[in-house]
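Asker: this is a predicted model, with the sequence first.
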Amino acid sequence: MDKKIEFVNTDSQEALETVLKDLRILSCNKKANSQVIRVLDRAISKVKETNSKKILFNLYSLKITQIHHLKSKIQEITQIIDEMWLLLEGLDYAEGYALYYSHLWYIEKIQGNKKKAKIYIDKLAENLNESNIKDEFVYYTCKYTYAIEKWFEEHDSESAAILEGCAEYFFKEGFYRSLAQTFAFLSVIYTRKHKNKKALKLGNEILANRTLFEKLPPDIRGIVYYFMGLGHMLEANLVIAESYFNEAYFILKPIFSDNIYFSNSIILHSYLATVKGLQGKTDQANVLANEAYILLQTDYIKTNLDKVTEKQIIHTLNLVKFYNISRLGNYNPQDHQKLIEEIIDNCKNLYSDFMTLSEFILSANLDSVKLQQLLAMDNFSINRVKHLLEFMLENQKIDTEIGKEQKALNCIAILEKRIITTKTTFMENAYTDLLIAQQMFTLKRYAEISSLLKQYESRPHRIEVLEVRIFMEAFIQVGAYKNGDPLGPALQYMAIKKCRLHGFSRLENKLLHYLQLQHKERTRTI
């Protein structure tokens, strides 16, 4: 590439445009690359000898995209943008204005200047709508910028349609890193819009073309695996999610600080810790969590990671930490009030995994004030578990106020009336039915337990949260025994052995308690 730049005839516009086209592909597919930056600097120096302002302008733009994710480069970027403005003076160049405003938007955005960022994104939109932009590369990269801003600030569903168009262009023209980044944002949008299957379909289409996929740079392959894992995690497919996350982890970990996906790489630690922890791989989850905490303390992360992403990582790790702690028989919520308070504070604006959040609500011994505080939050993750908050508020009522039987009936009604959509996962239904079954045990409606949980008897493998699966297997036997199956207690003991094997001592105590209740009732009937 250096040789091609060196021998460009300064009078040949066609040769300069060919070099620019090659540099666009190189720059887009190798972000934050010192060699690419060196090549761009050489090209900029060479083109300055010509009178091609448009080519020079575009080279400046490519240089910015190589370094704009680094807060330490803000001053250098500002100087380049000033140079770009000087080039635009007296130049009728619609593409130039679009790129100029897109870069100004980004700089103001990462510095937290929302008002200024909005001014520039509006100017960008104005240029895209009114100008005759013939350069498809500029058009689609600027449309991409516009779409992600519309999503972040307004959660505008139009963003998905725009990004889908961008993805087609990037794929067709070989801008594979741009394709991966577009896929990343589409995955986030599909997830928030409860379209996880659409996100997985898009990822599968990329993975299906193995010839193309194997040619992608390692960090792009890693980020595709990362978002495939995230899609499956949100569908509660923990085994598949873990396999994709593992692929991403082994690719991204060695190149952690050498690519633009360093934030995704550290988020990956928290998600992988989540899926491993939920499958009972507590030691592995703790190792990943500790790695994440160490990375968060490195100078590189402190310099380059934005505060919102850092808070999200810590929130996810806190939920995993609480989940692992609360599985133990000696767990006492009073010993972990600081952790509990921090989780509640961050639930308002951050994403929370359904399962770890659900267990937090049930196990943190939250008083009615804290439960109401969570219930008042308008957040995607909280809205998904509001029936559990209402359930806990009802469950806290004193028996003398309402009566034990009526309280159990009210709890069942709350759970049965929960909002169920086509997006509700198998895991969510199993979890809620298990709570209903426990209330039925209180009411001695044993036959109903058996019929309610029968649907899970032949497919416990689909309940990939290990502790919940063990509890489900045991409670199916509780219902079966009360319905006349003499093997019930023996099979419950098998579930208790599994608890001991995996360190779920709190669940072990709970299952032993149910066995004692059954034994007492059997003794009374003899």
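Answerer: Arrived safely.

Asker: so Glu467 sits against Phe504, correct?
Answerer: Yes - between Glu467 and Phe504 a contact is recorded at 5.2 Å, counting by CB atoms under 8 Å. Placement of C-beta: from N, CA and C, glycine included.

Asker: same for the strand or helix carrying Gln75, what does it pack against?
Answerer: Per DSSP states H and E, Gln75 falls inside helix 74-88. Under the contact criterion of 3 or more CB pairs under 8 Å, 6 or more residues apart in numbering; DSSP states H and E, the helices and strands touching helix 74-88 comprise helix 53-67, helix 94-110.

Asker: just want the angle from that helix to helix 53-67.
Answerer: With axes from the mean of the first three to the mean of the last three CA atoms, to 10 degrees as the criterion, the two stretches helix 74-88 and helix 53-67 enclose an angle of 160 degrees.

Asker: give the buried residues for helix 74-88.
Answerer: Residues of helix 74-88 classed as buried: 77, 80-81, 84, 87-88 (neighbour count, 16 or more other CB atoms under 10 Å).

Asker: between those, which is nearest Ala273?
Answerer: Closest approach to Ala273 among the buried residues of helix 74-88 (CB to CB): Ile77, at 34.7 Å.

Asker: that closest one is in contact with Ser61, isn't it?
Answerer: No - Ile77 sits out of contact with Ser61 when judged by CB under 8 Å, with a separation of 10.9 Å.

Asker: give me the common contacts of the two.
Answerer: His103 (CB atoms under 8 Å, 6 or more residues apart in numbering).

Asker: confidence score at the residue nearest the centre of the chain?
Answerer: Among the residues of the chain, Leu230 comes closest to the average C-alpha position under CA atoms, centre = their mean, at 5.7 Å. Listed pLDDT for Leu230 reads 85.

Asker: one more: Tyr431?
Answerer: If you check Tyr431, the pLDDT there is 94.

Asker: use 366 as the first number from now on
Answerer: Let's use 366 as the start, then, which means that last one is Tyr796.

Asker: before we move on, the earlier item: isn't the residue nearest to the centre of the chain up against Tyr636?
Answerer: Yes - under the contact definition of CB under 8 Å, Leu595 touches Tyr636, with a separation of 6.5 Å.

Asker: return every residue with contacts to both of these two.
Answerer: When CB under 8 Å, 6+ apart defines a contact, the residues bordering Leu595 and Tyr636 alike are Ala606.

Asker: least confident secondary structure element in this protein?
Answerer: Sorted by mean pLDDT, DSSP states H and E, the helices and strands of the chain end with helix 367-371, the least confident at a mean of 53.

Asker: show the subsequent helix or strand relative to that helix.
Answerer: Remark: after helix 367-371, the chain's next helix or strand is helix 378-394, criterion DSSP H and E.

Asker: what's the angle between that following helix and helix 418-432?
Answerer: Computed by the same axes, to 10 degrees, the angle between helix 378-394 and helix 418-432 is 10 degrees.

Asker: only the buried residues of helix 378-394, if you could.
Answerer: 381, 384-385, 388-389, 391-394.

Asker: please apply the same query to stretch 827-842.
Answerer: Judged by neighbour count using 16+ other CB under 10 Å, the buried positions of stretch 827-842 are 828-842.

Asker: for Lys863, state which of those residues is nearest.
Answerer: When these are compared for distance to Lys863 (CB to CB), Ile835 wins out at 5.0 Å.

Asker: just say helix, strand or coil for that closest one.
Answerer: helix (DSSP: H, G, I helix; E, B strand; the rest coil).

Asker: quick one: neighbours of Glu707, just the number.
Answerer: Under the neighbour criterion other CB atoms under 10 Å, Glu707 is assigned a count of 15.

Asker: err, Ser622, not the other one
Answerer: Burial of Ser622, expressed as a neighbour count using other CB under 10 Å, amounts to 12.

Asker: could you do the one 10 residues further on as well?
Answerer: Neighbouring residues of Ile632 were enumerated by other CB under 10 Å; the total is 20.
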